[in-house]
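1. Provided below for reference: sequence and predicted model.
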Amino acid sequence: MTTLSIQPPYPIITDIDGQPLEDGYIWIGVANLPPIGNPIAVYWDAALTQPAALPIRTRGGYPVNSGTPARLYVNSDYSIQVQNKNGSVVYSAPAATERYGALIISSADISFLQAGSGAVVRTAQSKLRDVVSVKDFGAVGDGVADDTVAFQNAVTYCVANGYKLYVPGKIRITQGVTLSTDYRALTIIGETYSIEPNFSSAGQSQIILDSASAASYFLNITGRTYLSVRDITFTCAQAATSGERKAIILNANLKFIFDNVAFENVDRFAIYLENGCYFQTSALRDCQFRNNGNMFGSASNALKGTGLRLDNIQCASILGNATTKVFCDLRGVRDIVADSVILEGGITQSGWTILRLDVLGYETEYSRTTTAQFFHLHIEWSGVAPAYAVQQAGGTVCIYDAIGLPYGYQLTSSGRAIIQQTDFGESVTDPTTYFSLSDLKCQVIFRDCTHRWPDNTVLGTDGFVFENFMLGWSGEKPRTLSNTAAFLIFKWGGGIWVAEGGTIPFGAATVTNSTDATYQRKLLVALNGATFNTIISIPTPSSLKAGDVVAARMLVKLPTFSGGSIRITRSGFTTNGDDLYFPDSLSGQIVPVFLASVLDSSPTSLAYVFNQGTVPSGSASGSFEIYSFAVYAGINIPKPISPLYPPIITTSASAAPTTGTWAVGDRVFNSAPAIGQPKSFVCTVAGTPGTWVSEGNL
């Protein structure tokens, strides 16, 4: 039970000598004016119905009414002067510090002590000013009164003095506030945002913009500002149309965080960015967007953003006519991470794109592009189907657990989309039909996905990569498909130049095995005087097609030359690859070669060219010496280079070698096997030609 103290029933006034004032006089007047000559109405009761005549007399220290101690009441601040019976002043005050009945005591005169060890005493005034409320500046907060001036004054004060702004109730404004001072912070805190569908429940904080102007806004940030908003709802009093009412206009370099915030009837959903805005590491978390036009919009390609986080975002809107027709326009934003984003609602007109990703040419000199990751992206719209669920120009976008891609996904400008851990259901036989690729440089990778349809035709389209893609129908054993594994087209590591298809023809007579045409460990690509253009041509399997990646890896000793450069390149089968140039600082040296290309057609052969990149200043001599040569096709092409000389050569001939230099372990398979003849010959002692032993007769 709370302890109560016994208070005296009436105020006691003492004389100069400290004794209760007898036969004294009490004068009460206008605050900050002498009470004698400036009287105000005084009453004996709190209801202010029993007037008291001035001056009021005292007996035994008490104000008396007809000889009985009594209290005094006024309806305003006051000044007071008390005199004894001789006319001497015993007490006076120019303004009231106490009011009996409705007690007022200056908060600066009251102490406050926080519980806990080490707490220090502060004034109540200092404690109360820790948080500034919009009601401190006269806001009514009933959603009816015009609180524009109060909101403007509160925001201005908080920004200038570094305070957080507390917004209780429903603050109705008819125009927004512009913040133009650089390097400031504004934090707006409500009690809680409104929960669908009871948008106007009591105890919830709202800022209501009541303006039909297409240029209206809540906040216009033109100075470099940190903006933090949480537990509040931004509402437009008018229904969202095709106008340009905006929640927040961000026109400067800044950082913004929105936490537990809802937006209703806002034509530009949530954040509208334009006119050179640049932001970094900003976020929207646990936000709702209802009955709006756009969630996120960029007015021009001047937007620059790095680091945007979207967490637990829910959108439910009806999209009508609009100029841009892009619901969530993130063009100009690099480095996006989004988790649990639901973009849903209804569309009344055609041509809408739900999500758009592009850096709009921002900082093209650095070749920067959008990098985005979406975890649990849900796109679902009724009415008119959107033109695209996603439009992506350039960059790499990774989407995990996606819903809604059947609306269409457009890739342009060498864009790359990675669709991961997604179930494509059973609506169509080929998920690749969801995607529109503008050129062969665009790519879609399906990784760890499933598709409930017993058809593997999904593997037959250019520009699509399948990694651990599972196909299966109910009652059917699922199949896991992949087209990413690299496969070997040709490999040579010494000995006779052979492949599965037989001898590989040379494109020029100047390509030979070294001194021994039958058995040797290297291939010679001879120079042709001052200029040369020697080609090695390799037949290809019919499965190669446009868009496939092929790579040749070699270990090569360069000719001797000075000035200019030597070049190894590919010819006739691709326009998407690099030439390798070697300067004269590498003259005569052994170099690894990895030459990757993207096919622009389905070639019948792969041609690799050895020639001069620029004319050497001196004469070139010697030959290219090739110690190993392999060609692969696929995505995951191995890059390790073979040793300088193959430690063991495996080749074929009709008899054991009689010339050439060989190492222990070299093997020659019998190319003309017959009953009773050896199946192969193995070198047991190194030498020229070394010692050879037959290995098992047939």
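-> Cool, got the structure.

2. show me the chain divided up by domain.
-> 8-113, 487-633, 650-697 (automatic domain parsing).

3. what about the longest one, average pLDDT?
-> Mean per-residue pLDDT for domain 487-633: 73.

4. show me what the helix or strand I26 falls within is packed against.
-> Using DSSP states H and E, I26 sits within strand 25-30. Applying 3 or more Cβ pairs under 8 Å, 6 or more residues apart in numbering; DSSP states H and E, one finds that strand 25-30 contacts strand 56-59, strand 78-83. For the C-beta atoms, the positions are set from N, CA and C on the backbone; glycine is no exception.

5. again, only using 6 Å
-> strand 78-83 (3 or more Cβ pairs under 6 Å, 6 or more residues apart in numbering; DSSP states H and E).

6. following element in sequence after the particular helix or strand that has V591 in it, please.
-> Using DSSP H and E, V591 sits within strand 590-598. As assigned by DSSP H and E, the chain's next helix or strand after strand 590-598 is strand 605-614.

7. now do that next one and strand 590-598, the angle between them.
-> Angle of strand 605-614 versus strand 590-598, following axes from the mean of the first three to the mean of the last three Cα atoms, to 10 degrees, is 120 degrees.

8. state the phi and psi torsions of L405.
-> The phi and psi values for L405, taken as degrees, to the nearest 10, are phi -60, psi -20.

9. quick check: closest non-adjacent residue to it.
-> Y434 (5.0 Å; Cβ to Cβ, 6 or more residues apart in numbering).

10. quick one: that neighbour and V390, what's the gap?
-> For Y434, the distance to V390 equals 10 Å [Cβ to Cβ, to the nearest Å].

11. go on, A338?
-> 12 Å.

12. now do the shared contacts for those two.
-> Residues touching both A338 and V390 (Cβ atoms under 6 Å, 6 or more residues apart in numbering): there are none.

13. and those two? which has more neighbours close in?
-> V390 (29 against 22; other Cβ atoms under 10 Å).

14. that one is in contact with I354, isn't it?
-> No - contact between V390 and I354 fails when scored by Cβ atoms under 6 Å: they sit 7.0 Å apart.

15. surely T324 is in a strand?
-> No - judged by DSSP: H, G, I helix; E, B strand; the rest coil, T324 forms no part of a strand; its state is coil.

16. can you check the pLDDT for it?
-> pLDDT at T324 comes out at 74.

17. hey, what's I249 bridged with?
-> Beta-bridge partners recorded for I249 (DSSP bridges): N220, Y272.

18. now it: how far from I566?
-> Separation of I249 from I566 (Cβ to Cβ) stands at 59 Å.

19. also T540?
-> For T540, the distance to I566 - Cβ to Cβ - is 26 Å.

20. more crowded one of those two?
-> Each of T540 and I566 has its neighbours counted (other Cβ under 10 Å); I566 has more, 26 against 21.

21. quick check: which element contains the more buried one?
-> strand 565-571.

22. deepest of the domains of the chain, which one?
-> domain 487-633 (a mean of 17; mean count of other Cβ atoms under 10 Å).

23. surely N260 and V229 touch.
-> No - N260 lies out of contact with V229 (Cβ under 6 Å); the separation is 9.1 Å.

24. so for the two, which sits in the more crowded spot?
-> More crowded of N260 and V229, by other Cβ under 10 Å: V229, with 27 against 17.

25. and the more buried one, that's in a strand?
-> Yes - V229 sits within a strand when classified using three-state DSSP.

26. how about the strands in the stretch 51-200 of the chain?
-> With DSSP state E, counting those that start in this stretch as the criterion, the stretch 51-200 of the chain has strands at 51-52, 56-59, 62-65, 68-69, 78-83, 89-93, 111-113, 121-123, 132-133, 142-146, 165-167, 170-173, 177-179, 184-190.

27. what sits closest to G176 if chain neighbours are left out?
-> Closest to G176 by Cβ to Cβ, 6+ apart is Y217, at 4.2 Å.

28. so which residue is dead centre in the chain?
-> I336 (1.6 Å; Cα atoms, centre = their mean).

29. any idea what it is bridged to?
-> L308, A372.

30. same check on S79?
-> G29.

31. please verify my assumption that it contacts P35.
-> Yes - under the criterion of Cβ under 6 Å, S79 makes contact with P35 at 4.8 Å.

32. need the residues touching each of these two.
-> G29.

33. other residues contacting the strand holding I566?
-> So strand 565-571 is contacted by 558, 577, 579-583, 593, 597, 607-611, 613-614 (Cβ under 6 Å, 6+ apart).

34. ditto for stretch 438-451
-> With Cβ under 6 Å, 6+ apart as the criterion, stretch 438-451 contacts 411-412, 414-424, 431, 435, 463-471, 547.

35. which ones among those map onto strands?
-> Among those, the ones falling in strands (DSSP state E) are 411-412, 416-420, 435, 464-467, 469-471.

36. mark which of those residues are buried, thanks.
-> 411-412, 416-420, 435, 464-467, 469, 471 (16 or more other Cβ atoms under 10 Å).
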